[in-house]
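Participant: Here is the input, now give the coordinates:
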Amino acid sequence: MPFLPTTKEELNNQAPDFILICTDAYVDHPSFGHAIVSRIIEHYGFSIGIIPQPQNDADYQKLGTPNIGFFISGGVVDSMVNNYTVAKLRRSQDVYSEGGIVGKVPDRALTFHTKNVRKLFPDSYICIGGIEASLRRFAHYDYWNDKVMPSILVDAPADLLIYGMGEKPIAELLTMVKRNIPISNIKDIRGTCYLTERDNLPKKILKELDENKINRIPSYEKIQNNKTTYINAFNIEYKCNEFNTKYALLQKQNEKYLVVNPPQFPLSTEELDEVYTYPYMRNYHPMYKKGVPAISEVKFSLTSTRGCFGACNYCAISMHQGRQITKRSKESLIEEAILMTKDKDFKGYIHDVGGPTANFRNPSCAKQAKVGSCQDKTCIGFSPCPNLEVDHSEYMDILRTLRTLPKVKKVFVRSGIRFDYLMMDRNSKAILKELVEYHISGQLRVAPEHCVDKVLQIMNKTPNSVFDEFRLLYDKVTTELGLKQYIVPYLISSHPGSDTKDAIKLACYLKSINVRPEQVQDFYPTPSTKSTTMYYTGLDPDTLKAVYVPNTKQEKQINRALLQYYEDSNYNQIKEILIANNRSDLIGFGAKCLIQPTQPIPKNSHTSYPKK
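Facilitator: Model (predicted):
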C-alpha cells in the first residue's frame with residue numbers, strides 16, 4: 001500500500017476531504033499519532049492529504065482547501081520539550097525531523113500552525129489533537145514562560161480539541177459526518193473540548209449548569225493569582241480524567257468558556273487490535289533522503305499496551321493515556337511480529353514489547369476494569385493498594401511465543417520493567433530469571449528515581465527498600481546464570497521535595513552500590529502533571545503541605561553534579577557543597593567518601609556556590 005498523498009498530483013488535482021498537518025516529519029508507523037489519525041480517516045472512506053512540517057504560506061496552501069476541514073497533530077512530544085532542554089537551552093537534535101536537524105518544529109507548534117491555518121483558511125473547520133493539545137487543554141502552568149497560561153484553545157483558534165487517545169473521538173466524529181451532520185455542529189463527543197461564548201453554550205450544558213451537575217473549575221483569571229486555587233483546579237481536572245466521569249467540566253477563560261466533555265471510554269482489545277491492522281508503510285516517507293531518526297527505536301518494536309496505573313506524579317501519561325490499561329491480543333502482536341520479519345531491514349531482533357510500563361498487562365483490579373480508577377487513591381507507588389492484582393503469566397507467554405517465531409533471534413524488553421510490581425509476584429525470581437536469560441542483554445533499565453523515602457513518597461514511587469530487594473535478587477539471578485549484567489537506574493535530580501541534603505544522600509547511596517550514572521535527568525516541569533503543580537505552587541496537591549522546590553539554576557547544577565560525583569569536572573562544586581553542608585566526612589580516602597581531599601581542578605569549573 002502507498003503512503004498517503006502529500007502533493008496535489010497524488011490527489012489527482014482534486015481537493016481532499018481532510019488535510020492533516022503534522023508537527024513531526026511524516027512517518028507512517030502506528031507509534032506516531034498522525035499515522036493513526038490519517039489511516040482512520042482513510043478507513044472511514046474519506047480522502048486525505050498530508051502536509052508535514054509546513055514552513056511557509058505556500059506549504060499550507062499546496063493541497064488547496066479541504067472539502068470538510070483540517071486536522072492538526074501536535075507531535076509525539078510537546079514542541080517546547082522537543083525544542084528545549086530543562087535548562088531552557090536549544091536542543092542540538094530533533095529526532096522527529098529529517099536527519100535529526102533542528103528548526104522544522106516551531107515553538108508552541110500547535111498554536112503556530114493553527115493560527116496560520118485560520119489566517120489562510122478563515123472559513124475552514126479545524127480540529128487539533130496530540131499530547132500538546134491534551135496536556136494544555138485547561139489553564140496550566142507553563143515552565144518556559146514561568147506563568148499560568150490559558151487553555152491552548154484561547155491562542156490556537158480551533159473548532160474542536162481531541163484530548164487523550166484519539167481513535168474513538170475521531171471515529172465518532174467521522175461517523176456523524178457520514179450521516180451528513182454538519183461537522184461544526186458536533187460538540188458533545190467524549191474526549192473532546194471546545195471554547196465558546198456563554199450565549200452559545202449548548203442547551204444540555206446549560207441544563208447541567210442549572211442542576212449543578214457540571215464540575216465548575218476555578219477560572220483562568222482566579223488561578224493566575226492564587227496558588228491554592230490553582231491546586232483546587234488541578235485536583236478537579238485530575239480526578240475527572242477517568243471514563244467514569246459523567247458530566248462535563250467548565251472553566252472560564254477570559255470572556256469565553258472552556259467546555260471539556262467527559263473522557264472517552266478506553267478502546268477494547270478488539271478495537272485496539274484493529275488500529276494496528278491499518279495499512280501502514282511502517283517507515284518514514286521517501287521524501288526524507290536523510291531519514292527520520294525516531295523510526296530506529298520503534299520500527300521493530302511492539303506496543304502491547306496503553307495506559308499506566310503507576311501514576312508517577314512527574315509523568316504525564318495519567319492525564320493523556322489514562323490510568324486504565326488497554327491491551328492488544330496475543331494474536332495481534334504475533335501477527336505484527338511476523339509482518340516485521342518480512343521487512344528487508346529486519347535483522348532478527350525485536351527491540352521491545354511493552355508500553356508505558358512493559359510488565360503491566362491488565363487493569364490493576366476488577367473494579368478498575370469495570371468502573372475506572374479510584375479518585376482518592378493510587379494503585380501502586382509508595383503505598384500499593386491491597387486490591388492490586390499482580391500477574392505476569394500472560395505477558396511472559398507472549399514473550400515465549402515471540403522468541404520462537406521463525407527469523408526471530410532475540411526479543412528485548414526495553415520500555416521499562418516496573419520492579420516493584422515484579423517483586424509483588426510470588427514467582428518473581430522465576431520471572432526475572434527468564435527475563436534475564438532471554439530478554440535482557442547486558443543492562444536492565446529500571447526507574448527507582450531516588451533513594452530517600454520522603455522524596456519517593458512525593459513522587460509516588462516505591463520505598464527504596466523495595467529497590468534494594470530487587471537489586472539483590474537481580475544480582476543473585478545473574479550470578480546463577482553466569483551472566484555479567486547490570487542495572488541501569490533512571491534518576492531524577494531536583495524533583496520537588498528533594499533538597500541538597502537529599503541529593504548528597506543519593507550520591508552516597510550510588511557510591512555504596514557502585515553505580516556511576518552516565519546521564520542524569522533534571523526534573524522537567526511539563527504541563528498538567530502533579531509534580532509540575534508542586535513545582536509551581538510549592539504545595540503538595542494532596543495535602544496542601546509545603547514542599548521544598550529546588551528551582552534555581554545554581555541548585556540544579558549542584559544536585560546534578562552530586563549524582564556524578566566521580567567526574568573531575570564536578571570536583572570543585574562538590575567539595576564546596578559538602579563543606580557548606582557540614583559533610584566534610586565525605587571528603588577523603590575512605591570507602592564512603594565521594595571525593596578525595598585534592599584532585600586535579602579542571603579549567604572553567606564552577607567555584608562559587610552559597611551555603612545552605
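
Participant: Next SSE downstream of the longest helix belonging to the chain?
Facilitator: Looking across the chain with DSSP state H, the single longest helix is helix 464-481. Per DSSP states H and E, helix 464-481 leads on to strand 486-493 as the next helix or strand towards the C-terminus.

Participant: Now find how far off-centre that following strand is within its chain.
Facilitator: Relative to its chain's centre, strand 486-493 lies at 18 Å (Cα atoms, centre = their mean, to the nearest Å).

Participant: Can you show me the CA trace of the following helix or strand past that strand as PDB?
Facilitator: Per DSSP H and E, the first helix or strand lying C-terminal to strand 486-493 is helix 500-512. Provided in PDB are the C-alpha atoms of helix 500-512 (Å, rounded to 0.1, in the frame of the first residue of the first chain):
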ATOM      1  CA  THR A 500      20.600  19.400  48.700                       C
ATOM      2  CA  LYS A 501      20.900  17.100  51.700                       C
ATOM      3  CA  ASP A 502      18.800  14.600  49.900                       C
ATOM      4  CA  ALA A 503      21.000  14.900  46.800                       C
ATOM      5  CA  ILE A 504      24.000  14.200  49.000                       C
ATOM      6  CA  LYS A 505      22.300  11.100  50.400                       C
ATOM      7  CA  LEU A 506      21.500   9.900  46.800                       C
ATOM      8  CA  ALA A 507      25.100  10.400  45.800                       C
ATOM      9  CA  CYS A 508      26.300   8.400  48.800                       C
ATOM     10  CA  TYR A 509      23.800   5.600  48.000                       C
ATOM     11  CA  LEU A 510      25.000   5.400  44.400                       C
ATOM     12  CA  LYS A 511      28.600   5.200  45.600                       C
ATOM     13  CA  SER A 512      27.600   2.400  48.100                       C
END
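
Participant: List the buried residues for helix 500-512?
Facilitator: 500, 502, 503, 504, 505, 506, 507, 508, 509, 510, 511 (16 or more other Cβ atoms under 10 Å). In this view, the C-beta of every residue, glycine as well, is placed from N, C-alpha and C.

Participant: ok, residue 234 - contacts?
Facilitator: 528, 530, 533, 541 (Cβ atoms under 8 Å, 6 or more residues apart in numbering).

Participant: hmm, 10 Å instead?
Facilitator: 138-141, 217-218, 223, 319, 528-530, 532-533, 536-537, 541 (Cβ atoms under 10 Å, 6 or more residues apart in numbering).

Participant: Okay, and it sits in which element?
Facilitator: Per DSSP H and E: helix 227-239 holds residue 234.

Participant: Touching the helix or strand following that helix from outside, list them.
Facilitator: Sequence order places strand 249-253 as the next helix or strand after helix 227-239, per DSSP H and E. Strand 249-253 has contacts (Cβ under 10 Å, 6+ apart) with 137-139, 150-151, 153-154, 193, 195, 198, 201, 205, 208-209, 214-223, 233, 236-237, 240-241, 257-262.

Participant: just the buried residues of helix 500-512 now: which is nearest residue 451?
Facilitator: For the buried residues of helix 500-512, the residue nearest residue 451 by Cβ to Cβ is residue 509; the value is 4.2 Å.

Participant: do you know how far that closest one is from residue 446?
Facilitator: 15 Å (Cβ to Cβ, to the nearest Å).

Participant: again, but for residue 505
Facilitator: From residue 505 to residue 446 the distance is 19 Å (Cβ to Cβ).

Participant: and what of residue 550?
Facilitator: For residue 550, the distance to residue 446 - Cβ to Cβ - is 24 Å.

Participant: quick one, which of those two is more surrounded?
Facilitator: Shown here are residue 550 and residue 446; by other Cβ atoms under 10 Å, residue 550 has more neighbours (22 against 19).

Participant: Can you give me every residue that contacts the more buried one?
Facilitator: 493-500, 502-503, 522-523, 535, 556, 558-559.

Participant: rerun that using 8 Å as the cut-off
Facilitator: Residue 550 neighbours (Cβ under 8 Å, 6+ apart): 494, 496, 498, 499, 500, 556, 559.

Participant: measure it to residue 143 for me?
Facilitator: 14 Å.

Participant: Over to residue 155?
Facilitator: For residue 155, the distance to residue 143 - Cβ to Cβ - is 17 Å.

Participant: And the two? Which one has more around it.
Facilitator: residue 143 (20 against 15).

Participant: helix, strand or coil for the nearest residue to that one once chain neighbours are set aside?
Facilitator: Nearest residue to residue 143 in three dimensions, chain neighbours excluded: residue 525, at 4.2 Å (Cβ to Cβ, 6 or more residues apart in numbering). The three-state assignment at residue 525 reads coil, by DSSP: H, G, I helix; E, B strand; the rest coil.

Participant: Residue 525: neighbour count?
Facilitator: If you count neighbours by other Cβ under 10 Å, residue 525 ends up with 23.

Participant: Please list all residues in contact with it.
Facilitator: 141, 143, 531, 532, 535, 536.

Participant: which one among these gets closest to residue 53?
Facilitator: residue 143 (24.1 Å).

Participant: looking at it, that closest one is touching residue 523, isn't it?
Facilitator: No. Using Cβ atoms under 8 Å, residue 143 is not in contact with residue 523, being 10.2 Å away.

Participant: still on that earlier bit, for the contacts of residue 525, give me TSV that also has distance to residue 474.
Facilitator: Listed next are the contacts of residue 525 as TSV, based on distance: Cβ to Cβ, whole Å:
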residue	distance to residue 474
141	38
143	35
531	27
532	32
535	33
536	37
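
Participant: JSON lines for those residues, including pLDDT and secondary structure?
Facilitator: Output for the contacts of residue 525, formatted as JSON lines (pLDDT from 0 to 100; DSSP: H, G, I helix; E, B strand; the rest coil):
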{"residue": "141", "pLDDT": "98", "secondary structure": "strand"}
{"residue": "143", "pLDDT": "97", "secondary structure": "coil"}
{"residue": "531", "pLDDT": "97", "secondary structure": "helix"}
{"residue": "532", "pLDDT": "98", "secondary structure": "helix"}
{"residue": "535", "pLDDT": "98", "secondary structure": "helix"}
{"residue": "536", "pLDDT": "98", "secondary structure": "helix"}
